[in-house]
Each structure stands twice: as structure tokens, then as C-alpha cells.
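S.K.: coordinates for the following, if possible.
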Amino acid sequence: MKASSFDYVAPKTVADASTSLATANATTAAIAGGQSLLPMLNLRVAQPDIVVDLGGLEELKEMSVASDTVRIGALTTHASIEDGLFADVFGGFIQKVASKISYRAIRHFGTIGGSVALADPAADWPGCLMALGAIVRVSGQNGVRSEPIRDFVQGQYQTSLKPDEIIVGFDIPRPAASLNWGVHKVVRKSGAFANSIAFAVSQGRGGPASVVLAAAASRPYVLLKVIEQIATGQISDGALRAAIAEDVAPLVPKGDDYLMRLHTSTVLRAVREMQSK
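M.R.: Just a heads-up that it's a prediction; the model follows:
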């Protein structure tokens with residue numbers, strides 16, 4: 001199929017982009033790398049009146065590392081992160097996550113901001129950034145605001161973005177100690193979205209941990225019982241499996257033993273990889 005007709009706008013500034021997205025009596029859509037929106041346009045799943053191209057906005061390409069914060073612009077591509085084009089203070093964690101997204105050709109165009117804005121529940125970046133405690137910076141006609149990503153991503157393809165708003169970038173707290181991490185992803189077909197994906201990070205051996213599971217529900221979830229169990233130091237397989245089951249059970253259909261086993265294994269592998277570093 002071909003996309004339905006639409007008007008195309010290439011704004012020069014973030015403010016211009018917000019104005020275009022807020023066009024009265026029109027359905028609008030922002031496009032960055034286009035790896036999600038273009039197929040949706042061609043299948044006519046999305047039929048906007050106006051497509052606003054963010055690709056030329058240099059303001060969205062900032063990457064910087066400060067003493068306490070790592071800032072990643074929304075237009076940063078997966079391939080740029082994979083290739084380590086800026087200092088990685090996360091011990092290779094985000095490089096590993098980027099390298100496992102789809103295919104290299106997709107990673108050249110797909111952007112971290114586009115991934116989070118789409119909020120596919122099986123996408124890699126929302127769960128990864130949630131594990132790192134990232135803050136989303138958003139710009140709209142009322143100015144710039146910041147929001148923790150765990151609040152920003154609200155459900156399946158749902159975020160707190162208003163029609164005139166776009167993601168500017170992400171502020172990630174710089175770890176106080178070297179980051180130990182683990183990530184495990186299950187896909188049935190190479191290059192596809194995950195059927196289960198878990199992220200586990202801790203600041204130093206035995207430091208504060210965060211564990212997130214994606215592709216299990218309408219959005220990634222922080223596994224609080226697992227985090228509490230890790231903090232106790234009682235980390236036998238049995239103890240961890242019990243904590244994982246307590247966190248995961250509300251996310252899967254009752255009685256679905258396969259999904260329980262799948263997500264339990266995914267989380268356990270990510271945690272064990274984190275602990276092995």
C-alpha cells in the first residue's frame with residue numbers, strides 16, 4: 001500500500017515544530033528516523049494530515065557527559081550509541097542494548113527519542129532508560145518540562161506527550177560507582193521486537209540495584225520485589241524466582257505457565273549477568 005496524502009513540514013527550530021504539531025483542525029505526526037512511522041503510513045495505520053520532520057533540528061542531537069548527568073539528544077541514533085560516539089560511563093550497558101535492536105540498517109536511522117515516543121511495550125529503550133532512572137525532557141508551546149521516564153511512558157503506545165510536544169532528549173544520572181549490568185532479550189525472529197526483555201543494573205558490586213521487565217505488559221515495569229530481594233543479599237535461585245513470580249504474576253494472564261517461565265528466565269538471566277560483573 002501507499003501512504004494517504006499528507007502535507008510535509010520541515011521546521012527549522014523546536015518552537016516551529018511545536019507550532020506545526022499544534023495546527024488546528026488537523027491530525028499531525030512527528031517523524032524522526034522514520035523506522036516506525038513510515039511503515040505505519042504505508043499501511044495506513046497512521047493517516048495524519050501533516051507530517052512534521054524533526055530530522056533537521058540540531059537542538060535534538062546534543063550528547064554530553066557532565067559530572068553528574070549524561071545528556072542524550074532525542075535524535076541520537078541507535079548506531080551512534082552502539083558505536084560509542086560519546087563517552088560511555090555505563091560500562092558498555094547502553095552500547096549492548098543498542099547493538100541488539102533490530103538490524104544495523106535500522107539502527108542507522110532509528111532514534112532513541114522516536115523509540116520512547118512510540119512507547120511500544122516491547123521496545124528496548126523505554127525499559128533500559130527506566131532501569132537507569134532517566135528523565136525525559138519535553139518541549140512544547142508552553143516551554144520545556146522534565147518528567148521521569150517511568151511516569152512519561154503510560155501504556156501501550158501511550159505517553160504523557162501533548163499534541164504540540166516533542167521529546168528533546170534524556171538526562172541520565174551518572175553512576176556514582178562503576179555500573180554492573182545484565183540484559184537478556186528473547187526474540188522469536190531475528191530483528192523483531194522482544195517477546196521478553198529484562199534489564200538489571202547496580203552501582204558497584206552490592207550497590208543499589210534496579211531491575212525492569214519489558215514486553216510482558218502494556219509498558220515496562222520496575223520489579224520492586226526483585227530489587228528488595230537483591231538488597232537482602234539472599235540471592236539463591238529459589239529466592240529470586242519467588243520474588244520474580246510475585247512481580248510478574250500480575251502482568252501475565254492467570255494460568256499462563258509458559259509466559260511465567262519465559263519472563264522468570266529472562267529476569268533471572270539478566271540479574272545473574274549483573275551479579276557476575
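
S.K.: residues near Ser276, how many?
M.R.: 8 (other C-beta atoms under 10 Å). All C-beta atoms are positioned from the backbone trio N, CA, C, and that covers glycine.

S.K.: and it, what is it in contact with?
M.R.: Ser276 sits next to Gly182 when contact means C-beta atoms under 8 Å, 6 or more residues apart in numbering.

S.K.: what about the residue nearest to Gly55 when sequence neighbours are not counted, how many residues nearby?
M.R.: Leaving aside its sequence neighbours, Gly55 sits nearest to Ala32 (C-beta to C-beta, 6 or more residues apart in numbering; 6.4 Å). Ala32: 26 surrounding residues under other C-beta under 10 Å.

S.K.: is Ala32 in contact with Val116, as I believe?
M.R.: No. Using C-beta atoms under 8 Å as the test, Ala32 is too far from Val116 to be in contact (10.5 Å).

S.K.: Arg107: what secondary structure?
M.R.: Arg107 carries the three-state label helix when classified by DSSP: H, G, I helix; E, B strand; the rest coil.

S.K.: okay, it: pLDDT?
M.R.: For Arg107, the model assigns a pLDDT of 96.

S.K.: same check on Phe86?
M.R.: Per-residue pLDDT puts Phe86 at 69.

S.K.: low-confidence regions, the stretch 51-200 of the chain specifically.
M.R.: Along the stretch 51-200 of the chain, segments meeting pLDDT under 70 span 86-87.

S.K.: how about 90 then?
M.R.: Applying pLDDT under 90 to the stretch 51-200 of the chain flags residues 62-63, 67, 84-89, 176-177, 188-193.

S.K.: helices along that one, start to end?
M.R.: With DSSP state H, counting those that start in this stretch as the criterion, the stretch 51-200 of the chain has helices at 78-82, 93-99, 104-109, 112-118, 124-131, 149-152.

S.K.: what's the most buried one of those helices?
M.R.: helix 124-131 (a mean of 28; mean count of other C-beta atoms under 10 Å).

S.K.: and it, what does it pack against?
M.R.: helix 93-99, helix 112-118, helix 149-152, strand 196-203, strand 209-214 (3 or more C-beta pairs under 8 Å, 6 or more residues apart in numbering; DSSP states H and E).

S.K.: roughly how far does the residue lying closest to Gly204 once chain neighbours are set aside sit from Ala10?
M.R.: Leaving aside its chain neighbours, Gly204 sits nearest to Ala177 (3.4 Å; criterion: C-beta to C-beta, 6+ apart). Counting by C-beta to C-beta, to the nearest Å, the gap between Ala177 and Ala10 amounts to 44 Å.

S.K.: same question for Ala200.
M.R.: 41 Å.

S.K.: more neighbours: those two, which one.
M.R.: Ranked by neighbour count (other C-beta under 10 Å), Ala200 and Ala10 place Ala200 first, with 29 against 15.

S.K.: identify the residues contacting that one.
M.R.: 131, 181-183, 209-212, 267, 270-271, 273-274.

S.K.: switch to 10 Å and redo it
M.R.: 93, 131, 180-184, 209-213, 223, 226-227, 230, 267-275 (C-beta atoms under 10 Å, 6 or more residues apart in numbering).

S.K.: report the buried members of those residues.
M.R.: 93, 131, 180-184, 209-213, 223, 226-227, 230, 267-271, 273-275 (16 or more other C-beta atoms under 10 Å).

S.K.: pretty sure Asp53 contacts Ile31?
M.R.: Yes. Under the contact definition of C-beta atoms under 10 Å, Asp53 touches Ile31, with a separation of 5.4 Å.
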